[in-house]
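need the 3D shape of this:
(chains A and B)
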Protein chains: 2
Amino acid sequence: MNGGDGTFSYNKNSYFQRAATNVARATIDEVIAETLDVKRFSSALTIFRITDLGCSVGPNTFLAVQNIIEGVRHKYKLQGLSSQLPDFEVLFNDSASNDFNTLFASLPSDRLYYAAGVPGSFHGRLFPKASLHFAHSSYALHWLSKVPKELVDPNSAAFNKGRVHYTSAPREVSDAYTSQFAKDMATFMKARGEEIVSGGMMVMVMPGIANGIPYSRVPSGVMFDLLGFSLMDMAKEGIISEAQVDSFNLPVYAPSPDEMTALVESNGCFSIERMDLAAPGSKIDESVGGHACMLHLRAGMEGIISKHFGSEIIDDLFDRFLGKTKEFSDRLNSAFLQGSQLVVILKRK
Amino acid sequence: MNGGDGTFSYNKNSYFQRAATNVARATIDEVIAETLDVKRFSSALTIFRITDLGCSVGPNTFLAVQNIIEGVRHKYKLQGLSSQLPDFEVLFNDSASNDFNTLFASLPSDRLYYAAGVPGSFHGRLFPKASLHFAHSSYALHWLSKVPKELVDPNSAAFNKGRVHYTSAPREVSDAYTSQFAKDMATFMKARGEEIVSGGMMVMVMPGIANGIPYSRVPSGVMFDLLGFSLMDMAKEGIISEAQVDSFNLPVYAPSPDEMTALVESNGCFSIERMDLAAPGSKIDESVGGHACMLHLRAGMEGIISKHFGSEIIDDLFDRFLGKTKEFSDRLNSAFLQGSQLVVILKRK
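Model prediction:
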């Protein structure tokens, strides 16, 4: 993610994630009211601990946790336990390289919770055992912990030549991504299973895809194809080499509901309370169009692209990308009608 | 504090604080072994929460919390409760402007605790009620929350003309500092009284001074006098104005044991388990001398001095200061023999 709050920062360019938060919010409220049983926690509970995993620098994380706290307070009221309302402690998690200084500087001054930052990978343990009551993660779990190495091995059937993602790629390529995502979710859910108390909840919001639909038909799939086309154009003009494109793969993945169900069941610690696939596109201002897609992609991906290709290609690359969004506007627009946001709500058994 | 890890950073220039940690460490070990009663905590205690208040960017904070954890683990063993050892969670606190990114990047990878950063002023509430078992603060509480305004009022008897601190100043000046420190300690101890569980402990390490001794006889007092002399020399040469010196006051204070005792008793939540005044100077490498004093002062004070006088005077100022440490080396050396580090260990009633 681009840190700080400049023109291309994540902070200023997280429309899609904000739209996602809005869509997910109503679902989260509903599920808290229906299924979170605060009576199950000890009456001696004095601290209700919430984490946002992969919080980035805000402001979406603040909206998300505020919504959860309002939902939980409301549930205490519904269950006639307002007098036992605990203090809320929110643990904002992201990798140690996240810009926590920016996050801390922008914490809402009127917040009704105690705030802390927790640096580290959510693919491992981050919190003491049975110390969390609510875990939330929005647009973070789709980042793979690493690029499967067969994708960059010219001798492998999964060698991903001329592309930067599994969108529009052969089966072997998408299988390598699928397998890495399954490993990552297994380590993630194992750690959370240990950290979340019985009766506690976990919300996961991420790009998703309907069962049996190709990735080339969802918005991020189209964007990744256009990014690949732009890079290959630059390779043909000799600005970068084809080998550089072949060795670059975006480490992001979008699972289907069936796939997530199988992963949750394989972990065994959680029951599935809700699994929704929605189209956040309908909430996005149409007039923003390709430019918003460009800013969105740049805010999220500039870091890893610069690291691989050098920062000098960035402005040129995203200009070309913007051109592609016009050329392929029909494909992009129809993708935004597809359900592509997965909301999964689990309860710790 | 100077952030990052450059030549003049706090990170690379915290010898004195490190020496302080070493001296305090043995005392803390002793008091934990003697007076922390882990049996008093519920046998259902699964998380032992420790905070370091005013942690800065490390590495001293890591040494301090590791020492506390080893002490507490040892006490569990002494009390025959090794099988009930809880998980340790350490909450690193400093103001929101602290460089938490540097802190998080340098967390020890082999740490035996879960780590979190908590941004905010320790003069207010930072944690849920009764959620801490051990609070530690080293070389942070001597920073006043603000400069008393009468110090910069030419019509006040406490107007601090030609000096930057209460060292060698009239009684009215030191009274203004004393009163501000008392207010700060009151808000600090009120908040900690609410946050620390009954039986929990609090360690405060800070510059201190023997009952009835003038501040001009302790190391930091000498340094602040020499800093004032250097600034006044620059004012005489017209590099800065005298009015700028008159309106600048270092917001730091060192209490005596009698003073601290009265403040703790006035709060009423804590019993005093230990109150030691030691001379950390004996632990400092003599060969480092004036240069170490200069680096120490620059790392701690460059920020507020630059803010007031402009960063362009800094190199010149600290060159002059270094010259003064040679000129006044006898006064400086004899000050290092004075007890000037106060270690206060409290237990929550």
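
can you list the residues of chain A near chain B?
A:46-47, A:86-89, A:91, A:96-97, A:99-101, A:104-105, A:107, A:114-120, A:125-131 (C-beta under 8 Å from any C-beta of the partner chain). No exception for glycine: its C-beta is placed from N, CA and C like everyone else's.

state the helix or strand in which the closest residue to A:C269 other than its chain neighbours lies.
Among residues not flanking A:C269 along the chain, A:G193 sits closest, at 3.4 Å (C-beta to C-beta, 6 or more residues apart in numbering or on different chains). If you go by DSSP states H and E, A:G193 is part of helix A:171-195.

for that helix, packing partners?
strand A:132-138, helix A:257-267 (3 or more C-beta pairs under 8 Å, 6 or more residues apart in numbering or on different chains; DSSP states H and E).

quick check: A:R192 touching A:A135?
Yes: the pair A:R192 / A:A135 is scored as a contact, 5.8 Å apart, by C-beta atoms under 8 Å.

hmm, A:I314 is touching A:S306, no?
Yes: using C-beta under 8 Å, A:I314 makes contact with A:S306 at a distance of 6.0 Å.

so where is the stretch 1-150 of chain A shaky, pLDDT-wise?
Across the stretch 1-150 of chain A, residues meeting the criterion (pLDDT under 70) sit at A:1-21.

show me where it has its helices.
Remark: helices assigned in the stretch 1-150 of chain A by DSSP state H, counting those that start in this stretch are A:15-35, A:60-78, A:100-105.

the stretch 151-300 of chain A: strands as residue ranges?
For the stretch 151-300 of chain A, the strands defined by DSSP state E, counting those that start in this stretch occupy A:196-207, A:270-278.

which other helices and strands contact the first one?
By that I understand strand A:196-207. helix A:15-35, strand A:132-138, strand A:341-348.

averaged over its residues, what pLDDT does it have?
For strand A:196-207, the mean per-residue pLDDT is 96.

then the last one?
When pLDDT is averaged over strand A:270-278, the result is 94.

now do it: distance to the chain's middle.
Taking C-alpha atoms, centre = their mean, to the nearest Å, one finds strand A:270-278 lying 16 Å from the centre of the chain it belongs to.

what comes up buried for that strand?
Counting neighbours by 16 or more other C-beta atoms under 10 Å in any protein chain shown, one finds that the buried residues in strand A:270-278 are A:F270, A:E273, A:R274, A:M275, A:D276, A:L277, A:A278.

and if you look at stretch A:168-179?
Going by 16+ other C-beta under 10 Å, stretch A:168-179 has these buried residues: A:S168, A:A169, A:V173, A:S174, A:D175, A:A176, A:Y177, A:T178.

quick one, what contacts the fourth one?
If a contact means C-beta atoms under 8 Å, 6 or more residues apart in numbering or on different chains, then A:S174 has A:Y166, A:Y215 as its contacts.

quick one: it from B:L141, how far?
According to C-beta to C-beta, to the nearest Å, A:S174 and B:L141 sit 58 Å apart.

what residue is smack in the middle of chain A?
Computing the C-alpha centroid of chain A and ranking residues by C-alpha atoms, centre = their mean puts A:Y139 first, at 1.4 Å.

from what I see, that residue and A:M204 are in contact.
No: contact criterion C-beta under 8 Å: A:Y139 and A:M204 do not qualify, at 9.9 Å.

skip the chain neighbours and tell me the closest residue to A:L277.
A:L277's closest residue in space is A:G339 (C-beta to C-beta, 6+ apart), at 4.0 Å.

for A:G212, that is, sorry about that
Nearest residue to A:G212, sequence neighbours excluded (C-beta to C-beta, 6+ apart): A:S256, at 7.5 Å.

thought that neighbour was touching A:P214?
No: taking contacts as C-beta under 8 Å, A:S256 lies outside contact range of A:P214: 11.1 Å.

so how many other residues sit close to the residue in the stretch 151-300 of chain A that chain B sits nearest to?
Proximity of the stretch 151-300 of chain A to chain B (C-beta to the nearest C-beta) peaks at A:E195, 9.5 Å away. By the criterion of other C-beta atoms under 10 Å in any protein chain shown, A:E195 has 22 neighbours.

one step back: make a markdown table from the helices of the stretch 1-150 of chain A and add mean neighbour count to it.
Converted to a markdown table, these look like this (neighbours: other C-beta atoms under 10 Å in any protein chain shown):
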| stretch | mean neighbour count |
| --- | --- |
| helix A:15-35 | 18 |
| helix A:60-78 | 19 |
| helix A:100-105 | 22 |
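
of all the ones you listed, which one comes closest to B:P59?
Among the helices of the stretch 1-150 of chain A, the nearest to B:P59 by C-beta to C-beta is helix A:100-105 (18.2 Å).

helices and strands around the closest one, which ones?
Against helix A:100-105 (3+ C-beta pairs under 8 Å, 6+ apart) you get strand A:87-94, strand A:114-119, helix B:100-105, strand B:114-119.

that older thread, so what's the residue nearest to A:L277 up against?
Going by C-beta under 8 Å, 6+ apart, A:G339 touches A:G208, A:I209, A:A210, A:L277, A:A278, A:A279.

let's see it at 10 Å
Going by C-beta atoms under 10 Å, 6 or more residues apart in numbering or on different chains, A:G339 touches A:G208, A:I209, A:A210, A:I213, A:V218, A:P257, A:D276, A:L277, A:A278, A:A279, A:P280, A:G281.

host element of it?
Per DSSP H and E, there is no helix or strand for A:G339.

what about A:Y76, distance to A:T35?
Per C-beta to C-beta, A:Y76 is found 15 Å from A:T35.

also A:P219?
Remark: distance between A:P219 and A:T35 (C-beta to C-beta) = 30 Å.

hmm, back to that, just so I know, which of the helices and strands packed on helix A:100-105 lies nearest A:A262?
Closest to A:A262 of the helices and strands packed on helix A:100-105, according to C-beta to C-beta: strand A:87-94, at 25.8 Å.

return the distance of the closest one from the chain's centre.
Chain-centre distance of strand A:87-94: 18 Å, with C-alpha atoms, centre = their mean.

per-residue pLDDT, A:M301?
92.

run through the residues that contact A:F248.
Here A:F248 is in contact with A:147, A:151-152, A:160, A:163-165, A:227-228, A:231, A:240, A:304-305, A:307-309 (C-beta under 10 Å, 6+ apart).

show me which of the residues of chain A next to chain B are buried.
Members of the residues of chain A next to chain B classed as buried by 16+ other C-beta under 10 Å are A:47, A:86-89, A:91, A:96, A:99-101, A:104, A:107, A:114-120, A:125-128, A:130-131.

pull the number of nearby residues for the closest residue to A:G290 other than its chain neighbours.
Spatially, and ignoring its direct neighbours in sequence, A:G290 is nearest to A:T325 (3.0 Å; C-beta to C-beta, 6+ apart). The tally of other residues near A:T325 (other C-beta under 10 Å) stands at 21.

circling back to that earlier point, phi, psi for the residue nearest to A:L277 please.
Main-chain torsions, A:G339, degrees, to the nearest 10: phi -60, psi 120.

pLDDT score for it?
Looking at A:G339, the pLDDT reads 75.

how close does A:A135 sit to A:L126?
10 Å.

so what sits against both of these two?
Here A:A135 and A:L126 share the contacting residues A:T51, A:L53, A:L91, A:N93, A:R192, A:E195, scored by C-beta under 10 Å, 6+ apart.
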